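K.L.:
build me a structure from this.
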Amino acid sequence: PGVAWCVDRYPVEAGHVGRRLLVHAAAGLGFALAHSAITGLYFALFHLYPAGETLPGAIRRLALVFAGMNFLVYCGIAGAYHARRYFREVRHRELLAVELRASLAAARLAALRAQLNPHFLFNTLNATSTLALTGQREEVVLLMSRLSDLLRVSLDRQLPQEIPLERELAILTAYLEIQRIRFGSRLAVEVDVP
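P.N.:
Model prediction:
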């Protein structure tokens, strides 16, 4: 746990490599000495010393003999915690990137809706007023009905970016009916969907 705390508090990362390596070198030496002291206490508790050896002498001997190995153990543990930390950071960044891409796609869709809606709306309303002036009541009613359907869909904030093809075709049909009324025989559309 102490090594994990040290890695979390002083991770070796760009911009801090030199100082952080010194911190971990000092922590590794402290770990090696603490391990020797704990091992010496364990030996004292179970009377495992050679005859005539004292607790301070045993700790000193253990520190001299095993300090290098204990330092390498610290490095291994710290390396494993660093790897785990970096793996989590990479995963977190990947998740943020995915969320950012989704937000960007939604923003682009919203911007596209904002750009298309006014132009289409004004053209359709102008066509409606022209039809009303010429007395084409059925076309006016149909045009307003289809425009209402399209506005309902385009202003729906809950509409996902991807919808079933059947729903997309229904929206397209409403749009094409408006365009057929506006352009008459000049517009020919053929839809072939298996």
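
K.L.:
tell me the SS of Val189?
P.N.:
Under DSSP: H, G, I helix; E, B strand; the rest coil, the three-state class of Val189 is coil.

K.L.:
what's around the residue nearest to it when sequence neighbours are not counted, how many residues?
P.N.:
Leaving aside its chain neighbours, Val189 sits nearest to Leu176 (5.5 Å; criterion: Cβ to Cβ, 6 or more residues apart in numbering). Yep, even glycine has a C-beta here, placed from its N, CA and C like the rest. Using other Cβ atoms under 10 Å, Leu176 has 15 neighbouring residues.

K.L.:
got it, and Asn70?
P.N.:
By other Cβ under 10 Å, neighbour count at Asn70 equals 21.

K.L.:
my understanding was that it contacts Gly30; is that so?
P.N.:
No: Asn70 is not in contact with Gly30 according to Cβ atoms under 8 Å; the separation is 10.1 Å.

K.L.:
rewinding a little: and the residue nearest to Val189, how far is that from Asp149?
P.N.:
As defined by Cβ to Cβ, to the nearest Å, Leu176 lies at a distance of 12 Å from Asp149.

K.L.:
for Glu177, same thing?
P.N.:
Glu177 is 9 Å from Asp149, by Cβ to Cβ.

K.L.:
repeat that for Cys75.
P.N.:
Cys75 is 68 Å from Asp149, by Cβ to Cβ.

K.L.:
Glu162 too?
P.N.:
In terms of Cβ to Cβ, Glu162 sits 20 Å off from Asp149.

K.L.:
between these two, which is the more surrounded one?
P.N.:
Neighbour count, other Cβ under 10 Å: between Glu162 and Asp149, Asp149 has more, with 17 against 6.

K.L.:
so the more buried one, which state does it fall into?
P.N.:
Note that with three-state DSSP, the state of Asp149 is helix.

K.L.:
equivalent analysis for Phe71, please.
P.N.:
Three-state assignment for Phe71 (three-state DSSP): helix.

K.L.:
can you count the residues close to it?
P.N.:
Neighbour count for Phe71, taken as other Cβ under 10 Å: 19.
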